[in-house]
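Asker: coords below, sequence missing:
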């Protein structure tokens, strides 16, 4: 935890004192081994980043005086369109995408996505938020990416996707593509990544008909959780 993310309910005395609870309290006590007077990097959700000094510490309570000095890092102008992976993988991908600063994540259906994946508790608002916050804490960020769930592939690609990616360089990861993934682009982008086994031909063709360009990052076929950071790091 490189940043302690704070929420409005943590504040106990105006705008300058907070009390930590739950996972964050345990982490600061047991991993950082906090002592009175120690300072930690803190940030307020959707707000600024600063520091917090421990002012009270006992077996059940940790309080800090906090102040905020700087804006969070800018988000990447990237819409990540991801065929819904299995829940354990989804957790890791959400953390990774959040750490990287992805602005928007859209989870979509695909022929190779198992129907049961859409019933996972990870897709609840609480489940998604938990994983994204862990990513923010890692990267010292405070702004959550937007997450959209779109379980109807054709309807989403036909009706909604064009408006979401208007003006963006639209790419789809495909191991058989002839063009390499572009590097260090200076414009908004949309990146579609399929499930394990990839998008089927029908799905690739549908994305291409909406202006997507197939790209690859070499001869190796990567897992979803490896492909996401590999492709995002090349783009930006």
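Answerer: Sure thing, it's come through. Keep in mind the model is a prediction, meaning the values are calculated, not measured.
Asker: where in this structure is pLDDT low?
Answerer: Along the chain, the model assigns pLDDT under 70 to no residue.
Asker: Return the backbone torsion pair for the spatially most central residue of it.
Answerer: The centre of the chain sits closest to residue 98, judged by CA atoms, centre = their mean, with a distance of 2.4 Å. The phi/psi pair for residue 98 (degrees, to the nearest 10) reads phi -70, psi -40.
Asker: Can you name the residues that contact it?
Answerer: 131-136, 139, 141, 144-145 (CB atoms under 8 Å, 6 or more residues apart in numbering). Placement of C-beta: from N, CA and C, glycine included.
Asker: Relative to residue 94, how far out is the nearest residue to it once chain neighbours are set aside?
Answerer: Nearest residue to residue 98 in three dimensions, chain neighbours excluded: residue 135, at 2.6 Å (CB to CB, 6 or more residues apart in numbering). To residue 94, residue 135 is 7 Å away according to CB to CB, to the nearest Å.
Asker: Those two: who's more crowded?
Answerer: Neighbours per residue (other CB atoms under 10 Å) separate residue 135 from residue 94, with residue 94 holding more: 28 against 22.
Asker: Around the closest residue to residue 6 other than its chain neighbours, count how many other residues there are.
Answerer: In this structure, residue 6 finds its nearest non-sequential neighbour in residue 44, 4.9 Å apart by CB to CB, 6+ apart. A total of 20 residues lie near residue 44 under the criterion other CB under 10 Å.
Asker: Strands of the protein, start to end?
Answerer: 4-6, 17-20, 39-44, 49-57, 62-70, 76-83, 102-108, 146-150, 169-173, 189-193, 213-215 (DSSP state E).
Asker: Out of those, the one nearest residue 121 is which?
Answerer: strand 146-150 (13.3 Å; CB to CB).
Asker: tell me what the closest one is packed against?
Answerer: Using 3 or more CB pairs under 8 Å, 6 or more residues apart in numbering; DSSP states H and E, the elements in contact with strand 146-150 are strand 102-108.
Asker: Give the buried residues for the strand it packs on.
Answerer: Buried residues in strand 102-108, counted by 16 or more other CB atoms under 10 Å: 102-108.
Asker: Equivalent analysis for stretch 41-58, please.
Answerer: 42-44, 49, 51-52, 54, 57.
Asker: where's the residue nearest to the centre of the chain relative to residue 226, distance?
Answerer: For residue 98, the distance to residue 226 - CB to CB - is 17 Å.
Asker: Show me how the record splits the chain into domains.
Answerer: According to automatic domain parsing, the chain is divided into the following domains: 4-70, 76-235.
Asker: quick one, which of these is packed in tightest?
Answerer: domain 76-235 (a mean of 17; mean count of other CB atoms under 10 Å).
Asker: What is the end-to-end distance of that domain?
Answerer: Length of domain 76-235, first residue to last, CA to CA, to the nearest Å: 10 Å.
Asker: what do you get for stretch 54-61?
Answerer: 11 Å.
Asker: let's have the chain start at 69 instead
Answerer: In the new count, where the first residue is 69, that last one comes out as stretch 122-129.
Asker: can you list contacts of it?
Answerer: 85, 87, 102-108, 130-133.
Asker: just to revisit the earlier point, distance to residue 226 for the contacts of residue 166 - can I get that in a markdown table?
Answerer: A markdown table is the format used below for the contacts of residue 166 (distance: CB to CB, whole Å):
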| residue | distance to residue 226 |
| --- | --- |
| 199 | 29 |
| 200 | 28 |
| 201 | 33 |
| 202 | 34 |
| 203 | 31 |
| 204 | 33 |
| 207 | 35 |
| 209 | 34 |
| 212 | 28 |
| 213 | 24 |
